[in-house]
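J.: Sequence plus predicted model, see below.
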Amino acid sequence: MLGFALLPAVVMIAGAALAVWRAPGPKLRSAILHFAAGVIFSVVAVELLPDIVQHHAPYEVALGFGLGVAVMLGLRYFTQHLEKQESANSTLTSTDTSTAPLPWGLLVAIGIDIFIDGLLLGIGFAAGAKEGTLLAIALTLELLSLGLATAVELRQGGHGKVRAVAIVAGTSLMLLLGAGIGTTVLRGATGNLLELVLSFGLAALLFLVTEELLTEAHEETETPLLTLSFFVGFLLFLLLGMVA
């Protein structure tokens, strides 16, 4: 489990290093986001949904799914509030590159997002080793894009290359924390509790795909190739789930 949690964290740091060395163009980042969305949607449809439906526990599913939606909407409101405060403060302070302040609103929002990803990874492994492995690969793609975007944002805020990568590396530790908590809490979970947790994870992952990955991906002008990358990601992991 630790190895699979380390993979997305390391790739996030690698993405930050790539961004400060040679930032990718907006179309490439949009393609990565589309592909990651397709991969996560495939994991949800192929691995999580069949397990949830199989147990026939509608009350637990409704409760878990509702909690998942409520938590993600609450986090969205909280992180947007932090980012607005950060934006307002930045207009009142100097952007001297030698003393550039840390964008705490942005970093807290990213840290919470990554922590939730870690919890989702723990939920995936609670459903089974295969589900957890596929989800780890899917989240790796998401965090690659997040590492790229965060490093670019830090560089634009006046932070040096080494400092930007170091900040992203520190933030990535939240993934390990979330995965560790998720695995510890969910160890041995069975029956209705597992159904509740899986339903929560289902809602959170669907929120991640529709309200974060695809929303950011569509900031770039849509093209057939960008749209195709979503379906390529979905198909690849559909086939991988069938043969694994």
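T.: Perfect, thanks for sending it. Residues are numbered from 1 along each chain as shown.
J.: Just the helices from this protein, written as ranges.
T.: For the chain, the helices defined by DSSP state H occupy 2-21, 26-43, 49-54, 58-90, 104-127, 129-156, 161-186, 191-207, 214-217, 224-243.
J.: Run through the protein and note the low-pLDDT ranges.
T.: Within the chain, the stretches falling below the threshold (pLDDT under 70) are 1-2, 83, 86-102, 188-189, 244.
J.: Pull the contacting residues for E60.
T.: Contacts here follow Cβ atoms under 8 Å, 6 or more residues apart in numbering; on that basis E60 touches N192, E195, L196, S199. Any C-beta I mention is one placed from the backbone N, CA and C, and that applies to glycine too.
J.: try 6 Å this time
T.: When contacts are counted by Cβ atoms under 6 Å, 6 or more residues apart in numbering, E60 touches N192, E195, L196.
J.: got it, and T171?
T.: The contact partners of T171, taken as Cβ under 6 Å, 6+ apart, are I110, G111.
J.: picking up where we left off before, could you tell me which of the contacts of E60 count as buried?
T.: E195, L196 (16 or more other Cβ atoms under 10 Å).
J.: Out of the contacts of E60, the closest to M174 would be?
T.: Proximity of the contacts of E60 to M174 was ranked by Cβ to Cβ; the top entry is L196 with 23.7 Å.
J.: Give me the distance between the closest one and P58.
T.: For L196, the distance to P58 under the criterion Cβ to Cβ, to the nearest Å works out to 12 Å.
J.: circling back: please identify which of the contacts of E60 is nearest to G111.
T.: Of all the contacts of E60, the one sitting nearest G111 is L196; the distance, using Cβ to Cβ, is 25.5 Å.
J.: so who does the nearest residue to the closest one once chain neighbours are set aside touch?
T.: What sits nearest to L196 in space, not counting adjacent residues and going by Cβ to Cβ, 6 or more residues apart in numbering, is G64, at 4.1 Å. For G64, the set of contacting residues under the criterion of Cβ under 6 Å, 6+ apart consists of L196, S199, F200.
J.: Mind putting these into CSV with distance to F230?
T.: Formatted as CSV, the entries for the contacts of G64 read as follows, by distance: Cβ to Cβ, whole Å:
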residue, distance to F230
L196, 30
S199, 24
F200, 24
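J.: which one of those is nearest G182?
T.: Using Cβ to Cβ, the shortest approach to G182 within the contacts of G64 belongs to F200, at 10.8 Å.
J.: Run a quick neighbour tally on that closest one.
T.: Neighbour count of F200, defined by other Cβ atoms under 10 Å: 25.
J.: In contact with it, which residues?
T.: Counting by Cβ under 6 Å, 6+ apart, the residues that F200 touches are G64, L67, G68.
J.: at 8 Å instead, please
T.: Contacts of F200 by Cβ under 8 Å, 6+ apart are G64, F65, L67, G68, V71, I123.
J.: can you tell me how far the fifth one sits from F207?
T.: Going from V71 to F207 by Cβ to Cβ gives 9 Å.
J.: The first one too?
T.: Distance check for G64 against F207: by Cβ to Cβ, it reads 13 Å.
J.: The fourth one too?
T.: With distances defined as Cβ to Cβ, the gap from G68 to F207 amounts to 7 Å.
J.: likewise the third one?
T.: As defined by Cβ to Cβ, L67 lies at a distance of 12 Å from F207.
J.: what's the answer for the second one, then?
T.: Applying Cβ to Cβ, one obtains 11 Å for the distance of F65 from F207.
J.: contacting residues around stretch 175-183?
T.: The list of residues contacting stretch 175-183 from outside it, by Cβ under 8 Å, 6+ apart, reads 1-2, 5-6, 8-9, 12, 114-123, 125-126, 139, 143.
J.: List the buried residues in that stretch.
T.: Of the residues in stretch 175-183, those buried (16+ other Cβ under 10 Å) are L175, L176, G178, A179, G180, G182, T183.
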